[in-house]
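> based on what follows, work out the 3D shape:
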Amino acid sequence: MTSASSILQRILRASGFSQRELARRSKTSHASLVAYSKERQDPGLATLQRLADAANCDLVIEVRPRLTPSEVRTLEYHRLIAKKLEGNPEHVLKVARRNLDSLRRNDRAGHTMPYLDAWESLLDSSTEELTRVLLSTDSVARDLRQASPFSGVLSDEERLDALMRTDGIRIANKMGRPFELVRTELLAKISDSGRNLRDEDLIGL
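Below is the predicted model of the structure:
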């Protein structure tokens, strides 16, 4: 959950004001603003709205459904992809564009075309904007990640590590075996296959 101090920092950055100037414009004491930023006091919604108004910003409150286990796992994969994008953008973008071409050819009914078009625009945009979508938990990013063009950027071993970090206990309970034994069995499955496996192939989800 986003903290009040985090929201305050965003308001400050967007305004371009100093803390003292924002306090003056919002008719809030500077001492209170410092206390809010250090989480010693809770500003409350009405005060945050007043601060946002003084900074000429809209304060938007959104209620989002919590991520499902599958979405948590997918988000973790894309966090790792974002790190690889930062380190070697040319390789990651090349893989993604190749996958996009393949996904377009295989989607004869056109069900995923809007998502693929959105990904293509993102691949042509800045690395910063692409990274924002890779890491975002908003509904648009969550939907886009279900048609991700980044298959093959992570190795099976990297995906398995992420899978076990985010969903390992549930998977072990479902299989009725100890966590470490399940991980060992899945590693062996990867080694035997010699190819990129889907999550469904790995754990039968």
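> per-residue pLDDT, the closest residue to Leu135 other than its chain neighbours?
Excluding the flanking residues, the one nearest Leu135 by C-beta to C-beta, 6 or more residues apart in numbering is Ala82, at 5.8 Å. For glycine as for every other residue, the C-beta is placed from the backbone atoms N, C-alpha and C. On the pLDDT scale, Ala82 is placed at 96.
> what's the answer for Leu187, then?
For Leu187, pLDDT reads 78.
> ok, it to Leu163 distance?
11 Å (C-beta to C-beta, to the nearest Å).
> more neighbours: the two, which one.
A count of neighbours by other C-beta atoms under 10 Å puts Leu163 above the other of Leu187 and Leu163, at 21 against 15.
> and that one, what element?
In this structure, Leu163 sits in helix 156-175 according to DSSP states H and E.
> for that helix, packing partners?
Here helix 156-175 touches helix 69-87, helix 179-193, helix 199-203, going by 3 or more C-beta pairs under 8 Å, 6 or more residues apart in numbering; DSSP states H and E.
> wait, Arg165 sits on Tyr77?
No. Using C-beta atoms under 8 Å, Arg165 makes no contact with Tyr77, being 10.8 Å away.
> who has more neighbours out of those two?
Neighbour tally, Arg165 and Tyr77, criterion other C-beta under 10 Å: the higher count belongs to Tyr77, 22 against 11.
> so what's that one closest to, chain neighbours aside?
Leaving aside its sequence neighbours, Tyr77 sits nearest to Ala162 (C-beta to C-beta, 6+ apart; 5.6 Å).
> show the pLDDT at the one you found.
pLDDT, Ala162: 89.
> please list all residues in contact with the residue nearest the centre of the chain.
Closest residue to the average C-alpha location of the chain: Leu135 at 2.3 Å, with C-alpha atoms, centre = their mean. Contact analysis of Leu135 by C-beta atoms under 8 Å, 6 or more residues apart in numbering lists 75, 78-79, 82, 141.
> repeat that with 10 Å
75, 78-79, 81-82, 141 (C-beta atoms under 10 Å, 6 or more residues apart in numbering).
> list the buried ones in stretch 32-48?
For stretch 32-48, a neighbour-count test (16 or more other C-beta atoms under 10 Å) marks 33, 36-37, 41, 43, 47-48 as buried.
> cool, and stretch 16-32?
So for stretch 16-32, counting by 16+ other C-beta under 10 Å, buried means 17, 22-23, 25-26, 28.
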